[in-house]
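S.K.: Need coordinates for the following:
(2 chains)
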Amino acid sequence: MSKAMQLLGSKISLISKSEIRYEGILFTLNPNESTLALAKVRMFGTENRPTDNPVAARDEVFEFIIFRGQDIKDIRLCEPPAPQPPIPGTLPYDPAIVQHSVPGVGSLGATGLQQPTGLAGSIMRPNFGPLGGLNPYPNLDGGATGGPLGQLGNLMAPSLGAGLGGLTGGLGLSGAAAVAAANLLGGVGRSNNSTPVGGASGTTSQARKSPLLGEKEDQRTSSRGSGGGGRSQQNDRNQQQRGGNGRSNSRGRARGNNAGGSQNADRRDGNRSQGGHPQGSFNRFASNFNNRSKGPLKFDEDYDFESANVKFEELKNKMGKMKIGGDTVLVLSGPPGSTAEGEKKEKSESEPTEAVTNSGDGEASTEALVSVSPNEDGKVPESPVKPICYDKTRSFFDSISCEAVERSKGNTQRTDWRQERKLNAETFGLPFNQRRGGFNRGSGGGGYYRQQSNDGGYQQRDGGYQQRDVYQQREGGYQNRDGGFQQRDGGYQQRDGGYQQRSGYRGSGGYRGGRSARGGNGGGGNRDSESTGQPRGGYNQRRTWQQQENRT
Amino acid sequence: MAEAVASQPSLAANNHALSPMRPSPQPLIAKQENNSDNFWKSQLKIPPKDRRKQTSDVTNTKGTSFEDFCLKRELLMGIFEKGWETPSPIQEVGIPMALTGRNILARAKNGTGKTGAYCIPVLEQVVPSEQHIQALIVVPTRELALQTSQICIELAKHLDIRIMVTTGGTDLKDDIMRIFGKVHVVIATPGRVLDLMEKKIAVMDRCKVLVLDEADKLLSQDFMGMLDRIISFLPSKRQILLYSATFPVTVEEFMRKHIENPYEINLMEELTLKGVTQYYAFVQERQKVHCLNTLFSKLQINQSIIFCNSTQRVELLAKKITELGYSCYYIHARMQQAHRNRVFHDFRNGLCRNLVCSDLFTRGIDIQAVNVVINFDFPKMAETYLHRIGRSGRFGHLGIAINLITYEDRFALHRIESELSTEIKPIPKVIDKSLYVAEFQEDSDEQSGK
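M.R.: Model (predicted):
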């Protein structure tokens, strides 16, 4: 046990079953889930090891990767842990740190949720012993992640206690190859898929009973209640990821964080939906990971509604004055300029931690400027003049704006897929130039499963029915045809994607390829068929053709 | 207790209430009341009463009771066991009118009991001994079909009426088998039922009643012409009932073509629900997630529905939310039907607090526990907006709607606000919990309940 503790913080080199080597610092071992988490991970690719899908090394250092034991082929200890004294303020690297706040920024924002954090700290400290006893932990984050952290603590306590003894034997401090350890992990992993089932009822009832706080509250209680075995896997993993990524957040990369966040989710998906195919999951894991920059999703402060709304009022007022001037040109140039300023100000106020700006940002704001102008022309004059849209005494019918009327006028509110993608990039912090539709698409089913795993009971199913995912994607692709060229394109690629996925999870390179190829057009298609797709109820196919005729 | 209270004043008000409805049932009503022994009532398994506050959107009635409609006792039992105590305004007017066999064009606000207003008369009119399809209820989405059929089945619990739901995304063969097993009431989405009709599997030549729920949606371009075709399979002598909260002028054409002399019911003085307080929060696009996170931490969400403007954004946002440490489901039209059903079912049952969705869930979906609706993406159309925010504040309960508004949305905000003649206020620092949290309404509930 104590040996295992000492291992935490060691530099570890591991090779996955897809022959990709990673080096990083051992952060946690979780025999319950048979996962192992490395922090500060570098990916060295397949390094001339024979494999069907060679992967090149990458320069980035990932804050955190969780590995599934079954998929680890070889594991080695590179260096024993290097103890480092904690210096609050300028924190050195320490694997015990799951997250910490920016020095000087007291971010204990949301109330009531700090308790679990404290709890986490107290549980973790004894376990980590000399390494983990770092103090910034308990006071690190405010409400936002309090619950999950609590859970992390809970989770780690039993797992470290229970399973590490065995592992230590295999890994040892000697640094010898520890295939045995990997085997052990793999062995435990068998039971992995079924674990969460037990937790279902517990989570469920919790979720219903406590209507007070957020979901976090639920998660926390449920995890505590169910002991160790049966709780939902998703939560656990979620927690760990967030935890590991904490550091980069503290450096204030709000933007990058987002991207990393989605990546995490994706990774999780892979894992989840492929419960029955352990091999595949790893690749999916890894390849997704490589594609994006990292970071957690955590906000140190509350969004400042008041000042934002004040700003909004100001903008409106400014607009009003401009309009009275009657000079359209002025109107056009004025407000956008002020928006840009506003944005900058806003940024510095509400996201003081943001240091690295995403390249998409600049584009996005110019984009905003561009799209302002048509609005300006089209709709402003309309709104004040707008007659009463509904008056019971006058007519049964109303004249409020609605899709039906717009479409009968021939104004299809079709958003350009490119624009949509840009918008998504901005909202969700995805790198804009990546073809990201696909990743989303690809994990469509998985995403849903992931949610489901909250109540554990469906976990089993998720694992077993990978095939379904494939179908779903196909279906998606098919519907995509709905809107013109791009969509159609997307449709085909979708299908490809589905095929690839079916035949070879194994090749991470190939898989990635399939994904991104699919990606590009998925984005546009998505939206389009949505607007016409939903209401159709049972009539997808027919409608699709009709729509197409309409359009052409 | 509730219905005892309710039925007494209603007896007195009864004649008065029904007199403007002209048609026959008056003497019948008297008969029914005379032999109303209370035995069957004592046998009812009535669910616990919902103690939340209700607005005048549902309480402003004339005091009629369900017993006044001269319904079959078995149906009444179903109604009471569903926990429905007294008819809502639309039911009060709509049920007796529908029972007369007239065509109806009814307009009532979101979540004020329209489904009950047509299900009850439909079930009442079905003759169980006649083995053919007697009523067809058409709704725009599959989930809504499931929801409606569930309500119907519950209402018909003590009746020997066979109810069937048929929607796209399911195996056609199963539906065919079931139809051959004789069905009285079909609840369907347009595409599938039209398919069954055209294949001559669903025989509608003696289907006397057609209900179009969310009629304006069904008559919109989305279902171009389908309803015309469906009607062509019905007998020439049929009753058509149209219900919605929104009726654009475009519906008029259909009316003229197919509906003879409809009785118009309009209970909407204004468009928006009284119980739903609307706020906006000004954000930049890239602050939306942050803003949402803050909302999650500050609001006391019982259940929430979060709307995005595209399926892709639904998925992206759902991911973000899980990364933030909150659990959520998501649903949109591009998911496999089995998954959609699962999500819908589980969210209804409260397995998850938050649901991210597309406009698939904009209409009709009734999840009583939802007290917060968030427009993560602001809609373009007032109609969409109105139906979206109507997902909270069901049946006159209280709820809030929060709109994330970007600079680009500002005109839409203003336009929708004025089109609906409603007020969307800037979000305050603290939102008064009595505006949307059930526990904070109990006191006032007792006061208003008297």
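
S.K.: three-state assignment of residue B:174?
M.R.: What DSSP: H, G, I helix; E, B strand; the rest coil gives for residue B:174 is helix.

S.K.: residues near residue A:79, how many?
M.R.: The number of residues packed near residue A:79 is 12, by other CB atoms under 10 Å in any protein chain shown. (Each C-beta comes from the backbone N, C-alpha and C, glycine too.)

S.K.: tell me the contacts of it?
M.R.: A:10-11 (CB atoms under 8 Å, 6 or more residues apart in numbering or on different chains).

S.K.: pLDDT weak spots in the chain?
M.R.: Using chain A here. A:1-6, A:80-296, A:319-386, A:411-415, A:431-552 (pLDDT under 70).

S.K.: actually it's chain B I care about, not the one you picked
M.R.: Scanning chain B for pLDDT under 70 picks out B:1-37, B:442-450.

S.K.: Centre of it to the edge, which residue is at the far end?
M.R.: Within chain B, the residue lying farthest from the chain centre (CA atoms, centre = their mean) is residue B:286, at 34.3 Å.

S.K.: And it, how far from residue B:136?
M.R.: In this view, residue B:286 and residue B:136 are 48 Å apart by CB to CB, to the nearest Å.

S.K.: And the strands in chain B?
M.R.: Ranges of strands in chain B, per DSSP state E, are B:104-107, B:135-138, B:163-166, B:185-188, B:209-213, B:239-244, B:263-266, B:276-282, B:303-307, B:328-331, B:354-357, B:370-375, B:399-405, B:425-426.

S.K.: Please convert these to JSON lines, extending it with distance to residue B:51.
M.R.: Shown next, in JSON lines, are the strands of chain B (distance: least, CB to CB, whole Å):
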{"stretch": "strand B:104-107", "distance to residue B:51": "29"}
{"stretch": "strand B:135-138", "distance to residue B:51": "31"}
{"stretch": "strand B:163-166", "distance to residue B:51": "31"}
{"stretch": "strand B:185-188", "distance to residue B:51": "31"}
{"stretch": "strand B:209-213", "distance to residue B:51": "29"}
{"stretch": "strand B:239-244", "distance to residue B:51": "28"}
{"stretch": "strand B:263-266", "distance to residue B:51": "29"}
{"stretch": "strand B:276-282", "distance to residue B:51": "19"}
{"stretch": "strand B:303-307", "distance to residue B:51": "17"}
{"stretch": "strand B:328-331", "distance to residue B:51": "27"}
{"stretch": "strand B:354-357", "distance to residue B:51": "24"}
{"stretch": "strand B:370-375", "distance to residue B:51": "14"}
{"stretch": "strand B:399-405", "distance to residue B:51": "16"}
{"stretch": "strand B:425-426", "distance to residue B:51": "27"}
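
S.K.: want to throw these into CSV with mean neighbour count and distance to chain A?
M.R.: Shown next, in CSV, are these (neighbours: other CB atoms under 10 Å in any protein chain shown; distance: least, CB to the nearest CB, whole Å):
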stretch, mean neighbour count, distance to chain A
strand B:104-107, 24, 7
strand B:135-138, 26, 9
strand B:163-166, 24, 8
strand B:185-188, 28, 8
strand B:209-213, 25, 12
strand B:239-244, 25, 10
strand B:263-266, 17, 5
strand B:276-282, 24, 4
strand B:303-307, 26, 8
strand B:328-331, 26, 5
strand B:354-357, 27, 7
strand B:370-375, 25, 9
strand B:399-405, 26, 7
strand B:425-426, 14, 4
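
S.K.: what's the closest of the ones you listed to residue A:56?
M.R.: For the strands of chain B, proximity to residue A:56 was assessed by CB to CB; strand B:328-331 is nearest, at 34.4 Å.

S.K.: neighbouring contacts of that closest one?
M.R.: With CB under 8 Å, 6+ apart, strand B:328-331 has contacts from A:215, A:447-448, A:451-452, B:143, B:306, B:314-315, B:317-318, B:321-322, B:340, B:343-344, B:346-347, B:352-358, B:360-361.

S.K.: try it again with 7 Å
M.R.: Residues outside strand B:328-331 that contact it (CB atoms under 7 Å, 6 or more residues apart in numbering or on different chains) are A:447-448, A:451, B:314-315, B:318, B:321-322, B:340, B:343-344, B:346-347, B:352, B:354-357, B:360-361.

S.K.: And the closest residue to the residue farthest from the centre of chain B other than its chain neighbours, how far from residue B:419?
M.R.: With CB to CB, 6 or more residues apart in numbering or on different chains as the criterion, residue B:286 has its nearest non-adjacent residue at 4.9 Å, and that residue is residue A:426. Here the criterion is CB to CB. By it, residue A:426 lies 28 Å from residue B:419.

S.K.: got it, and residue B:297?
M.R.: 33 Å.

S.K.: Could you pull up the residues touching the spatially most central residue of chain B?
M.R.: By CA atoms, centre = their mean, chain B has its centre lying nearest to residue B:364, at 4.2 Å. Residue B:364 makes contacts with B:139, B:144, B:213-214, as judged by CB under 7 Å, 6+ apart.

S.K.: Reformat those as JSON lines; add distance to residue B:70.
M.R.: JSON lines is the format used below for those (distance: CB to CB, whole Å):
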{"residue": "B:139", "distance to residue B:70": "27"}
{"residue": "B:144", "distance to residue B:70": "29"}
{"residue": "B:213", "distance to residue B:70": "24"}
{"residue": "B:214", "distance to residue B:70": "28"}
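
S.K.: Can you tell me which of these end up in helices?
M.R.: Among those, the members found in helices (DSSP state H) are residue B:144.

S.K.: Just the buried ones from the contacts of residue B:364, in PyMOL syntax?
M.R.: Listed next is the PyMOL selection for buried residues among the contacts of residue B:364, using 16 or more other CB atoms under 10 Å in any protein chain shown:
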select buried, chain B and resi 139+144+213+214
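
S.K.: quick check, nearest of the contacts of residue B:364 to residue A:28?
M.R.: For the contacts of residue B:364, the nearest to residue A:28 is residue B:144 (45.8 Å; CB to CB).

S.K.: Please name the nearest non-neighbouring residue to the closest one.
M.R.: The nearest residue in space to residue B:144 (CB to CB, 6+ apart) is residue B:364, at 4.3 Å.

S.K.: Same check on residue B:375?
M.R.: Leaving aside its sequence neighbours, residue B:375 sits nearest to residue B:403 (CB to CB, 6+ apart; 4.4 Å).

S.K.: and what of residue A:35?
M.R.: The shortest distance from residue A:35 to any non-neighbouring residue, by CB to CB, 6+ apart, is to residue A:66 (5.2 Å).

S.K.: and that neighbour, which of the three is it?
M.R.: The three-state assignment at residue A:66 reads strand, by three-state DSSP.
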